[in-house]
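>>> What shape does this take:
(2 chains)
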Amino acid sequence: MTDAIALLVVVPIVLALVPIALGRLWDGAGWVAAALAALAHLGLSVTVAAKVISTGRFTYAVGGYTPPFGIELVADGISATLVVLVSVVTVAVVLYARRAGPDSNSFYSELLLLTAGISGVFVTGDVFNLYVFIEITGLATYALVATGRSPAAALASLKYLLVGTIGASLYLLGVGYLYIATGTLNMADLSTQLQAVGYDSPLVLTGFALLVVGLAVKSALYPLHTWQPGAYAESPDSVTAYISALVSTAAAYALFRLVYAVFTPAFDAAVPFALDALVVLASVSVVVGSVLAVLQSDLKRMLAYSSVAQFGLVIAGFAVANATAVTGGLVHLVGHAIMKAGLFVGVGALAGVAGGRTVDDLAGVADRAPVVSAAFAILAFALVGVPPAVGFAGKWHIVLGAVEGGRWGVAAVAVVSTLLTLAYFARVVERMYFQDAPAATADTVSGPDATATADTDAALTPDGGESGSESTDDAKTTGTSGITIEARIVVVAAAVGAVVLGLFASDLIAVFEPVLEVYFQ
Amino acid sequence: MSATVSPLAADLSATVLASEVPTLPTADVPTVVPPAFAILAVAIVAPFLSRRLGHALGVLATGGVAVWSLLVPAGVYLQTTFLGFDAVLINVDAFSRLMGVIFGLIGAAAVLYSYSSEAENRQTAFALGYVGTSVGAVFAGDWLTMVFFWELMAVTSTLLVWDYGGEAVRAGFRYAVYHGLGGSLLMAAVIWHYTNVGSFLFSASDGITAGIPAVLAAIGIGVNVGFVGLHTWLPDTYPRPHVAASVFLSVYTTKTGVYGLARAFPDGNLAIAYMGAAMALVGVVYALLQNDMRRLLSYHIQSQVGYMVAGVGVGTALATAGAFAHVFNHILYKALLFMTAGVVIARTDEQSLKYLGGLGRALPVTAIAFTAAALSISGFPGFNGFVSKGMITAAAHKEHLDGIFYILLLAGVGTFMSFIKFGYYAFLKEHSGTWNLRRSVTGQRIAMLGVAALCVVLGLYPDALFALLPGSTADAHPFTLSHLGEGFLLAFLGVVGFAVLKKPLSKIGSGIDVDAVIEPATFYGMRGLVRGVTDLFATVDRAVVATANAALDAASDPYGAIRGPATAVVGREGSSLKEGSLRASIATSVLLVIVVLAATLVGLL
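Purely as a prediction, here's the structure:
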């Protein structure tokens, strides 16, 4: 039973080899391996979650070496929830990618590596092991971003590679400082050792600064976010959906673990500046991210900046440092993953219908793709924080916790961000529902496109995925809108999930509660 | 059916006189269903029955309620919860018993009169709804139930007015507006009262909470009883509908108001007492100026209700007893007056006293009934008005409220004068032509003469009524020499006054009432308010739209929006801003990471 937690990492890594090994023999191997891995991962994560819910937190010593010397994997309410989230998003993206592409074997290998890396981040109880998984996550992501075929994607990938590597290196440097100070790498052990060393030790403080800045780069807090909009906007839709849902989430989760499991609230009491600075950074991120999102005309870029703002909010919740706000941050972390993945898949699907990815291109698209448009609108309002969706539950607890903790600035920022979120989504929804499609231009856009794809090889069209499958394989697409049934399922499932999760937010919080109770004794 | 009405009352007085006990005999009567529901049930089925059966059921239900009210033992029945609050649907004490008896009794007479006056079933059904809700209001044991029925009473009475169509529709609207406002004020008072007391039950407190709730209640109820300034709906509405509908209207709304006032202010209130006196005088002065018969009678409702309000306001045991005795008596003679006026209007098709005359010979029974009613309302010794009016004035005198005392006496003179005027112009004055009229029919006669008989009987044997009254009648001595002299003196002054003022009175129009000021003020005030609000809204709207447009422009062309300010700051370079040029390069990104790290380290160390 407890082996399941290790298998969460092992199974995707092993299956990641399959597409490479069998790809020469069979083109479909990649997708099958990915699907198998996703389903197996789902089964394993559900097993872990079931065990956590029935018996509570449990640990697993890798290779039989007992901590603090060996590597420890930890499953508690929070990590179990997040690995289930990983499974669900993986299943959805694998399903979506079958038609939306990039349908290559190497893509599926990279995707499974990424799954393994993220799963590792969520379950590990060791700071150096965490670095390893962060690096696996990062490397897989750089490669995935580069699967977009435009030069811009390559540039974005390079930028991400350089900035991300610096972030990861800072993290590693921080781990080194802590190791020098304490001589241990196990999180639980570190928390006691750090207290013994003293929180005002320059080694510890420097280590904290390096760790936090390194992870802030990975979570894309303003002004360390510069790699993120390009990476999101230029990569293929299925990649964007996956990394927007999980990669920054993993970094934010790592930050949460470090602050509460390693440094503990006692550190906050001893060095208030540390979390104060984080609150300020996060709050600035919320406001500036939202404003930048409002300024975007490209939909994916808009959603990317929206992520900057939303992660600012999540980390602000963590940094307020009381149980209510941290709960809110975690709920929003989970909710954001589902909503943002759904929104990116929705943009990809609607772009196929509308013929473009700018806000103006979506004019009148609701008439042509009613189901996906409705789901997109629901997700948008969920992210704004309209009850009963999960966006409301998260923001509500963050605001509540901020008020409890006397951090009125955070409460105000959360409210302002809600208004700005409404501003940039209202703009899109207004175009979708209340403007007529430019009938003539729609024809001229789709006309040459269709002839071009008919003339040339489908694989060579710049947008690869949807336009190719749409023009070459009409029987597979659902007649009316040109949106694949998979995309439709994913977007609708995300919308339903966002609402259902909001309705059962109190159950989700009940799962988080035992973990936080330990931290906030 | 009709025969039961007056003998019932006769039985009642006989029983009481014979036994000579202050308490009334009680009997086992059903208390599972509120009496109001019985009447309302008839109101619902009446439109579907034949006219005869519908009206017969109406008489039976209302008469039954009168008998039931007389016999039911005092106490609280049907405690329940209403909208989640404790409520009492039947609360029998001296106040509600008296109201139940007279409401039922006069309801039966009025339904009988309606039947004989060719009222449609639907109108009588509305009237029965009105009677039923009024009965419900007076038997309520808590404020919430009372306000509930109070509002329904306003609705049903408005429907009763509207049912006649024509002129009555406009008047009904005004009536509805006034009563809507009054009901809302009372509701506000009751809610405020609840927040202070924690219960709606009458038994939970002594009257309504003092302070703002009391003021709100006084004004809210004041609309119903016709406080001076709030009364214009009364003479405007009551003359408009069918003559039989007027009989109902003259009885229930204002008297329920007096009852509510007594519940809200059980210990009296001097301001209310003076308001009552003012109503008595103002009402009678305007009544004197009227030529429309029902309009004249309507102003007399205000005047007579003024006596009752004064009695409630004085608040002593004698004054309270007098006020409710006057309620009882007034209902009898005022309904009777409306019946006689109704017969005159129905037969002659003429509303104005100017064109009448000599009807004493043409309509003898009506004339006799009118005489009894007129003498009663004027307070002539030997008629019931004399007794109850005397109790109120005596109570005011005892409390040394001389102002109220003299105002009420003066109003008494005015009452004499106006009814001498009514009688003179309608029945006595020589008429140029001869009337060739169908006389009143049997049903009308029974109703009129029965009520007239009660007026006389209760005038001669007031003890029959005293047994029913709340408060105390220990100090009530209607037939002392001085009191009798007072009555005759007022009558004499009335005759002299009419003789002197007859000519000038006929030259003056019907007078300008406060509505001449209130209505334009309301109209222009509302118009100003509406314009002010719309203009303000338009201004805000323009500002909001301009802001939204600016925001939309900025959002649709963000770089263009930044370019202006940027050019101003950095000069020519700003104009080169375009999509994407603000994005950080890789080098900048790395620099940013280092800057943030350095800042954090500096801060922490």
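>>> Can you name the residues of the stretch 351-500 of chain B sitting close to chain A?
The stretch 351-500 of chain B comes close to chain A at no residue, as judged by C-beta under 8 Å from any C-beta of the partner chain. C-betas here are computed from N, CA, C, even on glycine.
>>> Check which helix or strand the residue of the stretch 401-521 of chain A found nearest chain B maps to.
The stretch 401-521 of chain A approaches chain B most closely through A:R427 (6.3 Å), counting by C-beta to the nearest C-beta. Using DSSP states H and E, A:R427 sits within helix A:408-434.
>>> Now do that helix: which elements does it pack against?
helix A:272-295, helix A:299-320, helix A:365-368, helix A:370-384, helix A:390-404, helix B:515-556 (3 or more C-beta pairs under 8 Å, 6 or more residues apart in numbering or on different chains; DSSP states H and E).
>>> change it to 6 Å
helix A:272-295, helix A:299-320, helix A:365-368, helix A:370-384, helix A:390-404 (3 or more C-beta pairs under 6 Å, 6 or more residues apart in numbering or on different chains; DSSP states H and E).
>>> and the fourth one with helix A:390-404, angle?
In this structure, helix A:370-384 runs at an angle of 10 degrees to helix A:390-404, with axes from the mean of the first three to the mean of the last three C-alpha atoms, to 10 degrees as the basis.
>>> Alpha carbons only: can I get helix A:370-384 in CSV?
Below are the C-alpha coordinates for helix A:370-384, written out as CSV (Å, rounded to 0.1, in the frame of the first residue of the first chain):
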residue,chain,number,x,y,z
PRO,A,370,-22.2,27.3,-27.4
VAL,A,371,-21.1,24.5,-25.1
VAL,A,372,-17.4,25.4,-24.9
SER,A,373,-18.3,29.1,-24.7
ALA,A,374,-20.6,28.5,-21.8
ALA,A,375,-18.0,26.3,-20.0
PHE,A,376,-15.3,29.0,-20.7
ALA,A,377,-17.6,31.7,-19.3
ILE,A,378,-18.3,29.6,-16.2
LEU,A,379,-14.6,29.0,-15.7
ALA,A,380,-13.9,32.7,-16.2
PHE,A,381,-16.4,33.7,-13.5
ALA,A,382,-15.2,30.9,-11.3
LEU,A,383,-11.7,32.5,-11.4
VAL,A,384,-13.2,35.9,-10.8
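>>> residue ranges with poor pLDDT in the chain?
Defaulting to chain A. Residues of chain A that meet the criterion pLDDT under 70 lie in A:1, A:438-481.
>>> think we crossed wires, I meant chain B
B:1-28, B:83, B:433, B:509-511, B:555-582.
>>> List, one by one, the residues from it near chain A.
Residues of chain B lying close to chain A (C-beta under 6 Å from any C-beta of the partner chain) are B:555, B:558, B:584, B:586, B:589, B:592-593, B:596-597, B:600-601, B:603-605.
>>> check contacts around the residue of the stretch 401-521 of chain A closest to chain B.
Shown in contact with A:R427 (C-beta atoms under 6 Å, 6 or more residues apart in numbering or on different chains): A:V359.
>>> Okay, it and B:I407: tell me how far apart.
Distance, A:R427 to B:I407, by C-beta to C-beta, to the nearest Å: 73 Å.
>>> Kindly report the same for A:W26.
Counting by C-beta to C-beta, the gap from A:W26 to B:I407 is 111 Å.
>>> More neighbours: the two, which one.
When neighbours are counted by other C-beta atoms under 10 Å in any protein chain shown, A:W26 and B:I407 differ, and B:I407 comes out ahead with 22 against 11.
>>> In which helix or strand does the more buried one reside?
Here B:I407 is assigned to helix B:402-423, by DSSP H and E.
>>> Please name every helix or strand in contact with that helix.
helix B:270-289, helix B:364-378, helix B:384-398, helix B:481-507.
>>> Could you look over those and pick the most buried one?
helix B:384-398 (a mean of 27; mean count of other C-beta atoms under 10 Å in any protein chain shown).
>>> angle of that one against helix B:364-378?
Using the same axes, to 10 degrees: helix B:384-398 against helix B:364-378 is 10 degrees.
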